[in-house]
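Participant: show me the folded form of this:
(4 chains)
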4 protein chains.
Amino acid sequence: MPVLNDEVPDEGDFDAGRKRGEFDAITPEDFVRGSSQGNPPGWLGPEEIDRIRGSVPIPYVEIVPVHTDELGRLVEIGSLLRVRADGSLERTLIAGRVLFHENLREAIARNIAKDFGELALPTLPQSMTPFTVAEFFPTPGLGDYYDPRQHAIALCYVVPLAGDCKPQDQTLDIQWCDPHGEQMETFIEQMVDGHGAIVRKALAWAGI
Amino acid sequence: MPVLNDEVPDEGDFDAGRKRGEFDAITPEDFVRGSSQGNPPGWLGPEEIDRIRGSVPIPYVEIVPVHTDELGRLVEIGSLLRVRADGSLERTLIAGRVLFHENLREAIARNIAKDFGELALPTLPQSMTPFTVAEFFPTPGLGDYYDPRQHAIALCYVVPLAGDCKPQDQTLDIQWCDPHGEQMETFIEQMVDGHGAIVRKALAWAGI
Amino acid sequence: MPVLNDEVPDEGDFDAGRKRGEFDAITPEDFVRGSSQGNPPGWLGPEEIDRIRGSVPIPYVEIVPVHTDELGRLVEIGSLLRVRADGSLERTLIAGRVLFHENLREAIARNIAKDFGELALPTLPQSMTPFTVAEFFPTPGLGDYYDPRQHAIALCYVVPLAGDCKPQDQTLDIQWCDPHGEQMETFIEQMVDGHGAIVRKALAWAGI
Amino acid sequence: MPVLNDEVPDEGDFDAGRKRGEFDAITPEDFVRGSSQGNPPGWLGPEEIDRIRGSVPIPYVEIVPVHTDELGRLVEIGSLLRVRADGSLERTLIAGRVLFHENLREAIARNIAKDFGELALPTLPQSMTPFTVAEFFPTPGLGDYYDPRQHAIALCYVVPLAGDCKPQDQTLDIQWCDPHGEQMETFIEQMVDGHGAIVRKALAWAGI
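Facilitator: Purely as a prediction, here's the structure:
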């Protein structure tokens, strides 16, 4: 099962610690956009992206997927369950870097489709002002958010999904949690590197 | 046609200058909630609401109804066309006061249903933080927003409607306008007492 | 000490449970504005305000007073320590209702001066969009916020104070707490009726 | 006068169209940080930054400098007047890229000091949620904002300056404009590549 990560590497989101392998040149965008051999717009090879990651902050979008009721209240918070390269499980949100020449809305929609499938039916926010900006640093302890690979600046959005969400690629499962339920605290604590803090801020922003 | 306003008075929104008549005791809430003779929760008689309006600021919700595309961008801005008591037409947004013991989400949903019908299928925002707060004063020139009846504090929200919108009650028509189109400026200028300024702020907030 | 509350009653903020007494006609606004016997603008007698409080939601401003460093980060959160009518202590934020014909900025500045003195040197926000809207209901359990006297809609702001803050009127003490410190949790839990939740949302909004 | 631009090139902000020259290796950060020959943290040579600019979006901060009154209202909007490489004048805001391992607050403070001097006494916002996010694309017409050099994602903040602002480096002058005055429209129109639109959004956000 852990080999899953080697088979479908992902240069574009917050899942650090992966081993690089023969499929590194294939990015999730290839699957989403259907061009598995050419270089899609904004695509970068693993050495190139690694080098840039050591030079400038990388803009990201990070999405808290939610289910809402008819009055817009959050009734469930979504998450992805993945297997890391070392075999351990991790719970994460939807995240990915913004590609060159891609706008934020396209980046949000692409990353949701990448992780939750093409039928997730997201309702994107009308404003691109994020509910919070999360600054990930490659140095542990420097800020609230940690990413060993890079300095990333993540614009964070809450996005309701009305459709059918199915785990894609290297995702084991999609799990939902009632923000008012007993398990919410555990759910949040299972998210590492500060992603749980993003969920807490989303809940505070939504008035919970 | 102007008699329409006498037949269906509305104690609860920004349509000043109406004559009081025999149907004053029937509020739009009666129609929405289906109780046309009793006193629904939060209901106040015309003298009572008039007196309170001269004593304290009145909390309102004001909604900019929109149509969005699959990436959440505003493609159309909605408005109501009404006949005033003097026979003139006015273009307005959806607005109404928050009733006693009613929460903001209920007030938003109720006012949308009141003006656009029960099938409008709104997607309410996940956060009740408004995109702007409009302060209406009964004294012309005191602030950007004017309401001869009262000092109102309006929390303003953009709400996408996915369903079938039909004019209700005293509304003549529901009209939509492309925010990038040539007619948008005219559309905004037809809104009086500062409501056009709310649309401008909604567009700025949405990045247009 | 508890008699303090009878001597300086306050019709305008979240300190429920006070006994009404002979000085009820003198409001904090009288002291701030210097007119201790006439009726200042927006002033209402105790019966009048009580009756209105049972009829419509009352707009409030609620302020989280903070000290910031040179980069704008929150280094201390302020609070008021008061004696209730029953002799118990309560920790609160700055809060007060918006008076008739008063704008939000004036209400914020007046309430800060009322509780922290005229030399507090607040830097008011440039935008009146609140970081959260707190809806207080007179029915316990109806929402996150409870106020036995009224249905209040509080627009909440974080305001840095650069000056000299001194307890006024019925306030026993002004206390500050490091948001990263060990005592912050206790500090928050000492706030009743949901005010601690407002502090948590302020911290989340500020990225803490 | 135009040679000014050749003498003090600036790899880090929105002033496109400069010729590269012998001083290219000296960045404004060198002056601010006092290290004029070594490589300050986050510093990149001109070829390196050019290459990266063609590969990934670059995170920026953009600041609308303002003067406020005692109630936090905007009374003046600031701007920089610069000479372009072609000898023409341009009016701009404060902007600069976020350096590697630099947080947003540091980037804001550094860029203000770079353009307005060390005595500008800015009051940075308590939250890093921007009032708008401006997406600059190197392709004209692709979005509202255009930057021939790069795809930049600018987080935009309004920052009050209480101190003494003096033009630095290649800046000719610092000019202030009353947002309610007649000249504001001209002031905004003199800003190219969409920066005027950022001012408009700042005004809308501030309620003007």
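
Participant: got the contact list for the residue of chain A found nearest chain C?
Facilitator: Taking CB to the nearest CB as the measure, chain A has A:Ala204 as its residue closest to chain C, at 3.4 Å. All C-beta atoms are positioned from the backbone trio N, CA, C, and that covers glycine. Residues near A:Ala204 by CB atoms under 8 Å, 6 or more residues apart in numbering or on different chains: C:132, C:200-201, C:204-205.

Participant: how does it look with 6 Å?
Facilitator: By CB atoms under 6 Å, 6 or more residues apart in numbering or on different chains, the contact list for A:Ala204 reads C:201, C:204.

Participant: so which strand or helix has the residue nearest the centre of chain A?
Facilitator: The centroid of chain A falls nearest to A:Ala95 when counting by CA atoms, centre = their mean (1.9 Å). In this structure, A:Ala95 is located in strand A:94-97 according to DSSP states H and E.

Participant: likewise A:Arg51?
Facilitator: helix A:46-53.

Participant: for that helix, buried residues please.
Facilitator: A:49, A:52-53 (16 or more other CB atoms under 10 Å in any protein chain shown).

Participant: and for stretch A:98-110?
Facilitator: Judged by neighbour count (16+ other CB under 10 Å), stretch A:98-110 contains these buried residues: A:98-100, A:102-105, A:107-110.

Participant: now do stretch A:182-189
Facilitator: By neighbour count on 16+ other CB under 10 Å, the buried set for stretch A:182-189 is A:184, A:187-188.

Participant: now that stretch, how far from the centre of its chain.
Facilitator: Stretch A:182-189 has its C-alpha centroid displaced from the chain centroid by 19 Å (CA atoms, centre = their mean, to the nearest Å).

Participant: what lies in contact with that stretch?
Facilitator: Residues outside stretch A:182-189 that contact it (CB under 6 Å, 6+ apart): A:177, A:196, A:199.

Participant: and if we set it to 10 Å?
Facilitator: Residues outside stretch A:182-189 that contact it (CB atoms under 10 Å, 6 or more residues apart in numbering or on different chains): A:77, A:79, A:91, A:175-179, A:181, A:190, A:195-200, A:203, A:208.

Participant: quick revisit: nearest to chain D, of the buried residues of helix A:46-53?
Facilitator: For these, the nearest to chain D is A:Ile52 (5.5 Å; CB to the nearest CB).

Participant: may I ask you to confirm that that closest one is in contact with A:Arg149?
Facilitator: No. In this structure, A:Ile52 is not within contact of A:Arg149 by CB atoms under 10 Å, at 11.1 Å.

Participant: find the residues that touch each one of those two.
Facilitator: Going by CB under 10 Å, 6+ apart, residues that sit against A:Ile52 and also against A:Arg149 are A:Ile58.

Participant: what's the single longest helix in chain A?
Facilitator: Longest helix of chain A, by residue count under DSSP state H: helix A:104-116.

Participant: past that one, which element shows up next along the chain?
Facilitator: Assignment by DSSP H and E places the next element after helix A:104-116 at strand A:132-137.

Participant: which helices and strands does that following strand pack with?
Facilitator: strand A:58-68, strand A:145-146, strand A:152-160, helix A:195-205, helix D:104-116 (3 or more CB pairs under 10 Å, 6 or more residues apart in numbering or on different chains; DSSP states H and E).
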